[in-house]
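K.L.:
Let me see the structure of the following:
(one chain, ligands or ions: 1)
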Amino acid sequence: MKRFGPRTRKAILLVHILAAGVWLGVDVVMAVFVGVAATTDDPSTRMLSFRALDTFAVPSLLTTGTISLLSGLLLGLGSRYGLVRYWWVAVKLVLNLILTALVLVGLAPAIQRSLELAAVGDLAYPPVVSPVCLLIAYTLAVFKPWGRISKSRPTA
Ligand code: HEM
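P.N.:
Model prediction:
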């Protein structure tokens, strides 16, 4: 893929960093609502928290996860980093794909179960798993550890 000019690359990097930042912000709001639902004695407050999660969490996380993924793919493909050339990029790619898929197969059904049962249940996990994985991704992005995946390139 053609390399981007410095301005275009910085614009994509800005979108990428903003998407990752908003993603973590949505995780924090999600944690607040799950925390309120887990600790309140008032059933209507608990249900309101589940309804709030039902309204905002899945669309916001899918949007930020997809923008982060697409901008990350452009940054990788349009630079010397590639997608599977460096460990730090490849691991972030896997984390991004897993987290985005988990929104659909883990979070969305957990919210529906909480609405039906009026209990936090499996909803306790997403506000822990998602920020921990995101913080790992942030750390990898900044420190860029572990170098290249394959040290020697095939000659043929
Ligand atoms: C999992 C969520 C992700 C987070 C939280 C994240 C975070 C970041 C951050 C904070 C930067 C800026 C680093 C810097 O300028 O020093 C960055 C840059 C970058 N990210 Fe991501 N990223 C994520 C996903 C991805 C994905 C999926 C890819 C590629 C498939 C990717 C590829 C890149 C590349 C190539 C850069 C450019 C590094 C540079 O030019 O210095 N990222 N990422």
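K.L.:
Around the ligand, which positions in the protein sit nearby?
P.N.:
Within the chain, the positions adjacent to the ligand are 13, 16-17, 20, 68-69, 72-73, 75-76, 79, 81, 83, 89, 92-93, 95-96, 134, 137-138, 141-142 by Cβ under 6 Å from any ligand atom. Any C-beta I mention is one placed from the backbone N, CA and C, and that applies to glycine too.
K.L.:
Now do the contacts for the residue of the chain found nearest the ligand.
P.N.:
For the chain and the ligand, the shortest gap (Cβ to the nearest ligand atom) falls at residue 72, measuring 2.5 Å. By Cβ atoms under 8 Å, 6 or more residues apart in numbering, residue 72 lies in contact with 16, 89, 92, 93, 96.
K.L.:
what about 7 Å?
P.N.:
By Cβ atoms under 7 Å, 6 or more residues apart in numbering, the contact set of residue 72 is 16, 92, 93, 96.
K.L.:
Okay, the nearest residue to the second one once chain neighbours are set aside and residue 116: tell me how far apart.
P.N.:
In this case it means residue 92. Sequence neighbours aside, residue 137 is the residue nearest to residue 92 in space, at 4.9 Å (criterion: Cβ to Cβ, 6 or more residues apart in numbering). Per Cβ to Cβ, to the nearest Å, residue 137 is found 33 Å from residue 116.
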